[in-house]
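With the sequence up front, the predicted model follows.
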Amino acid sequence: MATSTPTPPAGGVRTRLDSGTLVRRGLVAALLALVLTVVARFVAVALDSTLAGVEQFGWVPIVAVTLVASVGATLVYATLDRLTERPARWFLVAAALVFLFMLAPLTLGAGDLGLPTNAQLGLGALHLTAAVGIVVGLLGVGSAD
């Protein structure tokens, strides 16, 4: 059940999400991120079959990392929903920062990864599709925050 908390600046009321809604949104985020990431992996391997042999393009890492990211993002959003008056806005800021942080090894330390450029681009695409799936799954389309 949702609870209402007064919003100090505007004097209105903002409805906090109940745990059931957060769980449902988290599950949608995980499912959507998995579907988009799997599609991106299929497209990447179809464009360059050598990527099938790259460890980071294996099914276990893709599924595991996507699910961990989904759970983590859901916990962050739940925390922001409890502590802030604009959780969607702050979640988008946090998601953008995490996305940029996740791209850093692919851009700043690319030589250290020992991956060819095509694999780095493919990993970037996998990160992007997972991020989009998670954000859209948690916030929905047209979130009014």
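Perfect, I can see it now.

Number of residues surrounding Val38?
Look at Val38: counted by other Cβ atoms under 10 Å, it has 16 neighbours. Heads up, the C-betas are built off the backbone N, CA and C, glycines and all.

distance of Ala64 from Asn118?
Distance, Ala64 to Asn118, using Cβ to Cβ, to the nearest Å: 23 Å.

of those two, who's got more company?
Ranked by neighbour count (other Cβ under 10 Å), Ala64 and Asn118 place Asn118 first, with 14 against 11.

helices or strands up against the helix or strand where that one lies?
Taking DSSP states H and E as the criterion, Asn118 maps to helix 117-139. Helix 117-139 sits against helix 19-47, helix 59-83, helix 87-107, with contacts defined as 3 or more Cβ pairs under 8 Å, 6 or more residues apart in numbering; DSSP states H and E.

Show me what counts as buried in that helix.
119-139 (16 or more other Cβ atoms under 10 Å).

try stretch 101-120
By neighbour count on 16+ other Cβ under 10 Å, the buried set for stretch 101-120 is Met102, Leu103, Leu106, Leu115, Ala119, Gln120.

how distant is that stretch from the center of its chain?
Computed by Cα atoms, centre = their mean, to the nearest Å, the separation of stretch 101-120 from the middle of its chain amounts to 19 Å.

Would you mind putting the CA coordinates of that stretch into CSV?
C-alpha atoms of stretch 101-120 as CSV (Å, rounded to 0.1, in the frame of the first residue of the first chain):
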residue,chain,number,x,y,z
PHE,A,101,31.7,4.9,-15.0
MET,A,102,31.0,1.5,-16.7
LEU,A,103,32.2,2.9,-20.0
ALA,A,104,35.5,4.2,-18.5
PRO,A,105,37.4,0.9,-18.8
LEU,A,106,36.3,0.6,-22.5
THR,A,107,37.5,4.1,-23.2
LEU,A,108,40.2,5.2,-20.8
GLY,A,109,41.8,1.8,-20.2
ALA,A,110,41.0,0.1,-23.4
GLY,A,111,44.5,-1.1,-24.0
ASP,A,112,44.5,-2.8,-20.6
LEU,A,113,41.5,-5.0,-21.5
GLY,A,114,43.3,-6.7,-24.4
LEU,A,115,40.1,-6.6,-26.5
PRO,A,116,39.9,-5.5,-30.1
THR,A,117,38.0,-2.4,-31.0
ASN,A,118,35.0,-4.3,-32.2
ALA,A,119,34.7,-6.1,-28.9
GLN,A,120,34.9,-2.9,-27.0
